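Undergrad: What follows is a protein structure lacking sequence information:
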């Protein structure tokens, strides 16, 4: 096996601040008074609720059924009573609410019956379904369902296990690897089997020697299929694409998946959860969370999913001058809008922030194009160019300069001597581009619908006329057959009339199509609006016509 | 609300500018000690003029004074100009040059970070075109005592045409017009030292020392100085090898005029220069080639300033066509 390391360009070295909490062993957090379990636990998918208020549930009981391709199951994190099913805020910069199951623990923390899965007796698909049923998603933050990431199980050469933990302050993965290395590697071996990879490479930043030693000791019994590789400490070495690059030399472009290049990457926490799910049948109901920053007792806790941050923070004891709380690391985390938000599968760290530890940025100065950001960018972009384009709302140019390759790691803003909040500009530009895309799609859809409706009405009219003509011909034939002379009635005239009317209508339409209207050459927004109004008017006419006879 | 990242490197524009000023100190020391101590007075005059000019424009534009005045960018422009101008230039000419740079070139285009041209170089070119006589009076090193120098700067002493000479570049250029003269014959007489103008030639290593400090601090990258000096050495070596009697050696070119100052402090101006790695190489090398052509064949003795301005115009074109490949796009066609 090659043990050569590859580098990635750029990167920064912020103060690590790992020592505050890295010495604290993982402790079980006490049962909270209340659990708020969001039904949205995996990316882009909310589970269907399976319980009702008043219902008793056991720890690990299925309370939400994953829906759609990206759905995964949601479980009760402890035994107790469901008291409410209502929207609650989640930890997200938007502060948006999501449907959540509120459980009042009964204090017994009683598990539902669960049995391990013997991988030798089941098919690969059954194993993936099992993981889905256990609610396993990526625990590095994005929450991408693991069974989806395991994909087709073919064509994968290297399985990368991400233990880099490159964000400052966070130590949950460090502690997990130090204390539960055999379990993490057992999970890694299961993942390896399911994905069909030849080799496993575990990347750990070299500022975690204890974790590296523990993992190497655990790996020594697994033969040379598993390599625990110390990687240079350089943020963002733990970014999925960066770590894959460092360990395998493969560069995965934006919008592509590792599987297309024979590589797949999972977080150590995910590997640990996979181990619990397969070897014990335990669904994912807890995770390790680092509590650190401006607190009296920094530490690492095994926390039940759904525990509210306010209650969890009491364990660490935030100091008096704390002015806000960050979820995740200081480079990519978000400021919590409310302390009532629950811990979810991607919550790795809560940092209590004080003005002394995280001083507010000094005023922004003009960009001097010094290029410090370009030298720091791990995506090898020209961040200042993206900044100028985003600022000028020149979104086309921003996309041409690969705006969407930006991983929002924050390196550019970290080094900027003009202290420009560069990432904010990229988020703004991306948001605007997405909004425009959605608007365009919506107006396209409205126009298509409208055009189809016109087409359908026209077709129906023609069909009706044809049917009428056929019927008239039939009657005439019948009359001729019976030898009766047709009565001089208006009936035989009818098809003719219909034909004339149809011809008139067509002529009118053609004229309408040729004559330019003031509704031509408008932008998509206005056209969509007009189409909308036309559709409504048409509907009213139709109703009137229906009422008329 | 503040978004991520929540931590920042303690870097600032002021810090960058301060590093540039620090890097100029070795050259200022050599200048004051070897050539003319009055340069210190010129630096002071230029600094005051720059800050006053900047304050005036900021006030007119209704902008806050403190952030822009304290970022030290105007001081950098002022010092570069004071070092480019002849040391016995009258004070009003220095002030005029600095005001052209700060008011016209920097602020009329929108202030810090917005100017497409290098302010110091525009001012230098404007002055040499407007006041060719004043701008070509360079004393030989140690020729004048400090009182005379000060008198010339402050306008209290009478102009002394007889005792001021020209720069080494100028001497060679005009000397070669005489029939039969060779570079060697010109350099064997007059104020020449080891490779270039006596005393003046020591400025080059002093600027290079400051430049190495900037490189070590990561304020500038190697691309521009390497490309500039490499291209200048290459083209001068080619002509010198072909006809050493009429073309000065590469060493002479590197040690004369604005070569070293240009390589480390002028072409490396981030605002008006190219920004991509390949773009920087093209930009700096082109300046050097153009500067040599102006030195050897143009009507001005020194060409760095004009070459910088001509290449400033090309920056958008250079940047656009040298965009580096993005992570994961290595197989893509270059734009």
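TA: Yes, it's here. Because the structure is predicted, anything quoted here is derived from the model rather than measured.

Undergrad: Pull out the buried positions in stretch B:169-177.
TA: B:169-173, B:175-176 (16 or more other CB atoms under 10 Å in any protein chain shown). No exception for glycine: its C-beta is placed from N, CA and C like everyone else's.

Undergrad: Please read the previous query as pertaining to stretch A:41-53.
TA: By 16+ other CB under 10 Å, the buried positions in stretch A:41-53 come out as A:41-42, A:45-47, A:49-51.

Undergrad: Ok, stretch B:88-104 next?
TA: Buried residues in stretch B:88-104 (16+ other CB under 10 Å): B:88-91, B:93-104.

Undergrad: which of the buried residues of stretch B:169-177 lies closest to residue A:525?
TA: residue B:169 (63.2 Å; CB to CB).

Undergrad: host element of that closest one?
TA: Per DSSP states H and E: residue B:169 is located in helix B:168-175.

Undergrad: Check which helices and strands that helix is in contact with.
TA: Judged by 3 or more CB pairs under 8 Å, 6 or more residues apart in numbering or on different chains; DSSP states H and E, helix B:168-175 is in contact with helix B:183-187.

Undergrad: what does the helix it packs on contact?
TA: B:171-172, B:175-176, B:192, B:244-249, B:252 (CB atoms under 8 Å, 6 or more residues apart in numbering or on different chains).

Undergrad: please redo it, this time with the cut-off set to 10 Å
TA: Helix B:183-187 is touched from outside by B:168, B:171-176, B:178, B:192-193, B:195-197, B:240, B:243-249, B:252, with contacts defined as CB atoms under 10 Å, 6 or more residues apart in numbering or on different chains.

Undergrad: any idea how far residue A:193 lies from chain B?
TA: 29 Å (CB to the nearest CB, to the nearest Å).

Undergrad: my read: that residue touches residue A:122, true?
TA: No - contact criterion CB atoms under 10 Å: residue A:193 and residue A:122 do not qualify, at 11.7 Å.

Undergrad: okay, residue 6: pLDDT?
TA: Going with chain A. Residue A:6 carries a pLDDT score of 89 in this model.

Undergrad: hmm, I had chain B in mind actually
TA: At residue B:6, pLDDT is 93.

Undergrad: Chain A contacts on the stretch 201-335 of chain B?
TA: Proximity of the stretch 201-335 of chain B to chain A, by CB under 10 Å from any CB of the partner chain, involves residues B:218-221, B:269-277, B:280, B:315, B:319-320, B:323-332, B:335.

Undergrad: what is the rounded mean pLDDT of the helix holding residue B:169?
TA: Helix B:168-175 comes out at a mean pLDDT of 82.

Undergrad: just the buried members of the contacts of helix B:183-187?
TA: So, by 16+ other CB under 10 Å, the buried ones in the contacts of helix B:183-187 are B:168, B:171-173, B:175-176, B:192, B:195-197, B:240, B:247-249, B:252.

Undergrad: Measure how far the lengthiest helix in chain A is from the centre of its chain, please.
TA: Counting residues, the longest helix found in chain A (DSSP state H) is helix A:422-481. Relative to the chain's own centre, helix A:422-481 is displaced by 33 Å; criterion: CA atoms, centre = their mean, to the nearest Å.

Undergrad: Tell me who's in contact with residue 7.
TA: Let's take chain A. A:231-232, A:234, A:237, A:242, A:245-246, A:249 are the contacts of residue A:7 under CB under 10 Å, 6+ apart.

Undergrad: oops, chain B please
TA: Going by CB under 10 Å, 6+ apart, residue B:7 touches A:12, A:14-15, A:17, A:168-169, A:329-331, A:357-359, A:361, A:410, A:413-414.

Undergrad: how about a cut-off of 7 Å?
TA: A:14, A:330-331, A:358, A:414 (CB atoms under 7 Å, 6 or more residues apart in numbering or on different chains).

Undergrad: how much space between the nearest residue to residue B:65 once chain neighbours are set aside and residue B:101?
TA: Closest residue to residue B:65 apart from its sequence neighbours, by CB to CB, 6 or more residues apart in numbering or on different chains: residue B:58 at 5.2 Å. For residue B:58, the distance to residue B:101 equals 15 Å [CB to CB, to the nearest Å].

Undergrad: And for residue A:511?
TA: 68 Å.

Undergrad: Could you point out the longest helix of chain B?
TA: helix B:39-61.

Undergrad: which other helices and strands contact the helix or strand following that helix?
TA: Following helix B:39-61 in sequence order, the next helix or strand is helix B:65-70 (DSSP H and E). The contact analysis (3 or more CB pairs under 7 Å, 6 or more residues apart in numbering or on different chains; DSSP states H and E) places helix B:65-70 against helix B:39-61.

Undergrad: Now find how far off-centre the helix it packs on is within its chain.
TA: 18 Å.

Undergrad: do stretch A:179-188 as well
TA: 26 Å.

Undergrad: rewinding a little: can you redo the buried residues of stretch A:41-53 as TSV with pLDDT and distance to residue B:300?
TA: Putting the buried residues of stretch A:41-53 into TSV (pLDDT from 0 to 100; distance: CB to CB, whole Å) gives the following:
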residue	pLDDT	distance to residue B:300
A:41	80	72
A:42	74	69
A:45	81	70
A:46	86	73
A:47	89	76
A:49	91	81
A:50	92	85
A:51	93	86
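
Undergrad: Any chance of a markdown table for these, columns distance to chain B and secondary structure?
TA: A markdown table is the format used below for those (distance: CB to the nearest CB, whole Å; DSSP: H, G, I helix; E, B strand; the rest coil):
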| residue | distance to chain B | secondary structure |
| --- | --- | --- |
| A:41 | 22 | coil |
| A:42 | 23 | strand |
| A:45 | 25 | strand |
| A:46 | 25 | coil |
| A:47 | 28 | coil |
| A:49 | 32 | strand |
| A:50 | 36 | coil |
| A:51 | 35 | coil |
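
Undergrad: residues contacting residue A:366?
TA: By CB under 7 Å, 6+ apart, the residues touching residue A:366 are A:418, B:111-114.

Undergrad: With residue B:102 instead?
TA: Residue B:102 neighbours (CB under 7 Å, 6+ apart): B:50, B:53-54, B:74, B:77, B:119.

Undergrad: same check, this time on residue A:248
TA: A:158, A:160, A:263.

Undergrad: please redo it, this time with the cut-off set to 10 Å
TA: Counting by CB under 10 Å, 6+ apart, residue A:248 makes contact with A:2, A:4-6, A:157-158, A:160, A:199, A:201, A:203, A:258, A:261-263, A:265.
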